[in-house]
Structure formats: C-alpha cells, structure tokens
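Participant: all I have is the shape, not the residue letters:
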Ligand code: C5P
C-alpha cells in the first residue's frame, strides 16, 4: 500500500501526543494514541478485578473488551464497551496500573493487531512505545522522543494539577520513573529505539520547534 505511516515512540510524558496531534492536524492525517488503548484495558482490569497472573481471566477479559476511537479536533476520544472513558484513563489509578497490564503478552498481541488494522490503508500518525519496532516496522518515518526526566515530570504536573489538585510533583516524577523502568525492561516488545528512528530530545524545545523538526523530516521523504 502507499499510505504514509509516522511512528512516534519514546518515554512517558515526553510530549509524544502533543507532537503527534500537531503533525496529524498539519498533514490531515489520522491521529491514533496507542497508549489510550492500553489505558482503557487497564481501566477494565481495575474495574473487574482481573488477575494479571491468570491467563484464562486475561483471555476472557480481552474477548469482552471493545475499544473505539472517535476523533474530534484531533483530541483522543476513546470508548470502552460504548462508555466514554477519555478522562478516566488519565487518572492516577490507571497510570499506576497500565504498565503492568501493557506488559502482558495476550494484551499486546490484541492491541497490536487492532493498531495494524488502523494503519492498513490510511495516512496516520501513531504514538506509543513499540510503534516503530513492532506495530509498523516499515513505517515511513520514525521519531524517538526523549527529554530530561525532571522536565517531563514538571510538564506533566503542570498539565494535570488543575484537574487533580491533590497531586504532588514527587508523585508524578515517581510514576514516570516507574513506567520508564517497566516499559524498557519488560520482556514483550520493550520500549527501545528502532535502528532507523530519528532521535528528538525536546528538553529545550518548544512544541512549535518540535513540529518544525518533524515537518522538515516529512519534507525530506518526498
Ligand atoms: O502513552 P501513555 O503514557 O499514555 O501510555 C501509557 C502506558 O501504556 C505506557 O506507560 C506503557 O506502559 C503502555 N504503552 C505500551 N505500548 C504502547 C503505548 C503505551 O506499552 N504502544
């Protein structure tokens, strides 16, 4: 097929979704936030007390989980079995559960399958942890994002404190460090830079500068 796929991977709270959204908007591509899918699965596991060590329970849960994206203004709107869960999946209980659930082989197999289907014939920007390595190893363009962990924690803290006034910077920092550790050390498609991914360290870059960086790379593809 001749559709364009842009894969954006990297550590937690690196601004992947901000860049991916801006890029999709500019290029009129579809934006898919793969992390939202793992978060919705984690929410289901929490609500239904699914035991992550019980394979039969995991398989049954996956059969019962139906996710759907509906894009509006390039914001992520995701439903879990018909219920809008876009806000709830950003709360701390889900953030604390998601890396455990996303490390499960059955969960990854199913999510990757759904993600690959989304990129079959459309131009898309997808962000996550394994998009350039596992989901779309032949992606047209791969960007791997990093930033100083303290800067990432501060950005995420500033973003969520209005909705979540009790949260502390330390809690946010701990959660990011924990997810980085878990995501990079898990057995099943760990977070790693694809050999052909371009590194973007955005510690000292504005969102506009990051968008320009990516657009320059897209321009070079032509
Ligand atoms: O992107 P976001 O931080 O919302 O992702 C939440 C979590 O989902 C990550 O910490 C990671 O454990 C998992 N994830 C993943 N593979 C992806 C996207 C997200 O394992 N492609």
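Facilitator: Okay, I see it. Everything quoted here is computed from the prediction, not taken from an experiment.
Participant: distance of residue 101 from the ligand?
Facilitator: Distance of residue 101 to the ligand, computed by Cβ to the nearest ligand atom, to the nearest Å: 8 Å. (C-beta placed from N, C-alpha, C; glycine too.)
Participant: repeat that for residue 72.
Facilitator: Residue 72 is 18 Å from the ligand, by Cβ to the nearest ligand atom.
Participant: other residues contacting stretch 73-90?
Facilitator: By Cβ atoms under 8 Å, 6 or more residues apart in numbering, the surrounding residues in contact with stretch 73-90 are 17, 21, 24-25, 31, 33, 36-37, 39-40, 42-44, 64-71, 94, 160, 163.
Participant: so of those, which ones are in strands?
Facilitator: 31, 33, 67-69 (DSSP state E).
Participant: highest neighbour count among these?
Facilitator: Greatest neighbour count in the ones in strands among the contacts of stretch 73-90, by other Cβ atoms under 10 Å, goes to residue 33: 25 neighbours.
Participant: rewinding a little: in helices only, show me the contacts of stretch 73-90.
Facilitator: Among those, DSSP state H puts 17, 21, 24-25, 36-37, 39-40, 42-44, 64, 94, 160 in helices.
Participant: near the nearest residue to residue 8 once chain neighbours are set aside, how many other residues are there?
Facilitator: Closest residue in space to residue 8, ignoring its immediate chain neighbours: residue 127 at 4.2 Å, by Cβ to Cβ, 6 or more residues apart in numbering. A count of nearby residues for residue 127, using other Cβ under 10 Å, gives 28.
Participant: which members of the ones in helices among the contacts of stretch 73-90 are the farthest-apart pair?
Facilitator: Maximum pairwise distance in these, criterion Cβ to Cβ, is 33.9 Å, between 25 and 64.
Participant: ok, the two, which is more surrounded?
Facilitator: Under the criterion of other Cβ under 10 Å, the comparison of residue 25 against residue 64 puts residue 25 first, with 14 against 11.
Participant: tell me the contacts of the more buried one?
Facilitator: Going by Cβ under 8 Å, 6+ apart, residue 25 touches 31, 74.
Participant: if we can go back for a sec, least confident pick among the ones in strands among the contacts of stretch 73-90?
Facilitator: Lowest in pLDDT among these is residue 69, which has 89.
Participant: correct me, but it touches residue 32?
Facilitator: Yes: assessed by Cβ atoms under 8 Å, residue 69 is found in contact with residue 32 at 6.7 Å.
Participant: which residues do these two both contact?
Facilitator: With Cβ under 8 Å, 6+ apart, residue 69 and residue 32 have common neighbours residue 118.
Participant: who does the longest helix seen in the chain touch, helix- and strand-wise?
Facilitator: In the chain, taking DSSP H as the definition, the longest helix is helix 169-185. If contacts are counted by 3 or more Cβ pairs under 8 Å, 6 or more residues apart in numbering; DSSP states H and E, helix 169-185 sits against helix 92-102, helix 149-160.
Participant: which of those has the highest mean neighbour count?
Facilitator: helix 92-102 (a mean of 19; mean count of other Cβ atoms under 10 Å).
Participant: helices and strands around that helix, which ones?
Facilitator: The contact analysis (3+ Cβ pairs under 8 Å, 6+ apart) places helix 92-102 against helix 34-47, helix 169-185.
Participant: mean pLDDT, distance to residue 152 and mean neighbour count added to those, as TSV?
Facilitator: Formatted as TSV, the helices and strands packed on helix 92-102 follow (pLDDT from 0 to 100; distance: least, Cβ to Cβ, whole Å; neighbours: other Cβ atoms under 10 Å):
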stretch	mean pLDDT	distance to residue 152	mean neighbour count
helix 34-47	98	14	22
helix 169-185	94	6	16
